[in-house]
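Colleague: My questions concern the predicted model and sequence given below.
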Amino acid sequence: MKKTLTTCLAACALALTVSAASAGTYTQTKYPIVLVHGIFGFDNIGPVEYFYGIPSALRADGARVYLVQVSAANSHEVRGEQLLSQVRKILASSGAAKVNLIGHSQGSPTSRYVASVHPELVASVTSVNGVNKGSAVADVVLGVAPPGSLARSVLVTVSNGLGSLIGFLSGGKGLPQNALAAATSLSTGGTAKFNLAHPEGVPTTVCGEGAYAVRGVAYYSWGGARSYTNMFDIADPLLALTSLAFGGGKNDGLVSACSQRLGRVIRADYAMNHLDAVNQTVGIVNLFETSPVSLYRAHANRLKNAGL
């Protein structure tokens, strides 16, 4: 009896050890993960992270995670060059050969730019609710504020001011802000032009998948298709309003479900809006959908299993 009990205890201890070891490396990718924010985004402002609670959840089980800051409002190309500079610094300090880029919103084309011009530095690009084929909201904004109008002048001034304020509060004071360039890049026409120069991973059909890998870079995406998800989230009413720009088509409040697709599509119909995708506002998300944080953890494990 004593021998049996000892054997059982030893087996349990071994199981717990194996389980702990496994949990400790669940998100441990070969290459560092770099999280890239979208328009009017930041790395963190005080204790509030743009990717709310996500970096710590990834690091808890082995991932090396870096937060970057690019212009809150500017073109894909300008933001992309800023990101490229930071990627080089991350590689130099970490000793890694490549990085895994995960971009939310405009962070997707920003990341795609780096992978397109320097694929040797990038292991993978993942688009999260990314603007890969433009946004009807940007089209509407540019339409109601035509060139030379007072509306455009006011909109650009206010938006540039907001971008500068975000940069100041988050430590990116010197980054240039150009809201008009941002809106143009995010429009359907602007994104189409960008995609001609940087087509990697972009679906060639209206709402399909793109190439899974191009020039050694793996492409993934996931996204949401609901604008209003939690009555206690102060941002949801605004996203419900902007979702009207899509004329009833599936969207997350700012980007259509089809525009969010890139490379290997994990899912593009989560019951999440544009901010839920980064666990905002401060963790107030759809209680009846998968936790956004768990999606990032599962994806890190996916990258790990792919040798990335």
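Modeller: Yep, it's here.

Colleague: And stretch 238-245, what's buried?
Modeller: 238-239, 242-243, 245 (16 or more other C-beta atoms under 10 Å). C-beta: built from backbone N, CA, C; applies to glycine.

Colleague: Pull the distance from that stretch to the chain's centre.
Modeller: Mean C-alpha position of stretch 238-245 versus that of the full chain (C-alpha atoms, centre = their mean, to the nearest Å) differs by 20 Å.

Colleague: okay, the buried residues of stretch 238-245 in CSV with distance to Val48, secondary structure and pLDDT next?
Modeller: Listed next are those as CSV, based on distance: C-beta to C-beta, whole Å; DSSP: H, G, I helix; E, B strand; the rest coil; pLDDT from 0 to 100:
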residue, distance to Val48, secondary structure, pLDDT
Leu238, 18, helix, 96
Leu239, 19, helix, 97
Thr242, 22, helix, 96
Ser243, 25, helix, 96
Ala245, 28, helix, 95
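
Colleague: In TSV, list these along with distance to Ser75.
Modeller: TSV is the format used below for these (distance: C-beta to C-beta, whole Å):
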residue	distance to Ser75
Leu238	24
Leu239	24
Thr242	21
Ser243	25
Ala245	21
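
Colleague: Give me the distance between the two termini of stretch 271-279.
Modeller: End-to-end distance for stretch 271-279: 13 Å, by C-alpha to C-alpha, to the nearest Å.

Colleague: So which bits of it are buried?
Modeller: Neighbour counts over stretch 271-279 (16+ other C-beta under 10 Å) mark 272-279 as buried.

Colleague: and if you look at stretch 218-237?
Modeller: Across stretch 218-237, burial judged by 16+ other C-beta under 10 Å covers 218-230, 233, 235-236.

Colleague: Tell me which of the residues you listed fall in helices.
Modeller: Asp236 (DSSP state H).

Colleague: Out of the helices and strands in this structure, which is least certain?
Modeller: Using mean pLDDT, DSSP states H and E, helix 2-24 stands out as the lowest-scoring helix or strand of the chain, at a mean of 44.

Colleague: Parallel or antiparallel, which strands does the following helix or strand past that one pair with?
Modeller: Toward the C-terminus, helix 2-24 is succeeded by strand 33-36 as the next helix or strand (DSSP states H and E). Paired neighbours of strand 33-36 in the sheet (DSSP bridges): strand 65-67 (parallel), strand 99-104 (parallel).

Colleague: most tightly surrounded among those strands?
Modeller: Burial of the strands paired with strand 33-36 is given as mean neighbour count (mean count of other C-beta atoms under 10 Å); strand 99-104 ranks first at a mean of 29.

Colleague: other SSEs contacting the helix or strand that that strand is followed by?
Modeller: Downstream of strand 99-104, the next assigned helix or strand under DSSP H and E is helix 107-117. If contacts are counted by 3 or more C-beta pairs under 8 Å, 6 or more residues apart in numbering; DSSP states H and E, helix 107-117 sits against strand 33-36, helix 76-94, strand 99-104, strand 122-128, helix 188-197.

Colleague: again, only using 10 Å
Modeller: Using 3 or more C-beta pairs under 10 Å, 6 or more residues apart in numbering; DSSP states H and E, the elements in contact with helix 107-117 are strand 33-36, helix 76-94, strand 99-104, strand 122-128, helix 179-186, helix 188-197, strand 217-224.

Colleague: could you give the mean pLDDT of that helix?
Modeller: For helix 107-117, mean pLDDT is 98.

Colleague: tell me the angle of that helix relative to strand 99-104?
Modeller: Here helix 107-117 runs at an angle of 150 degrees relative to strand 99-104 (axes from the mean of the first three to the mean of the last three C-alpha atoms, to 10 degrees).
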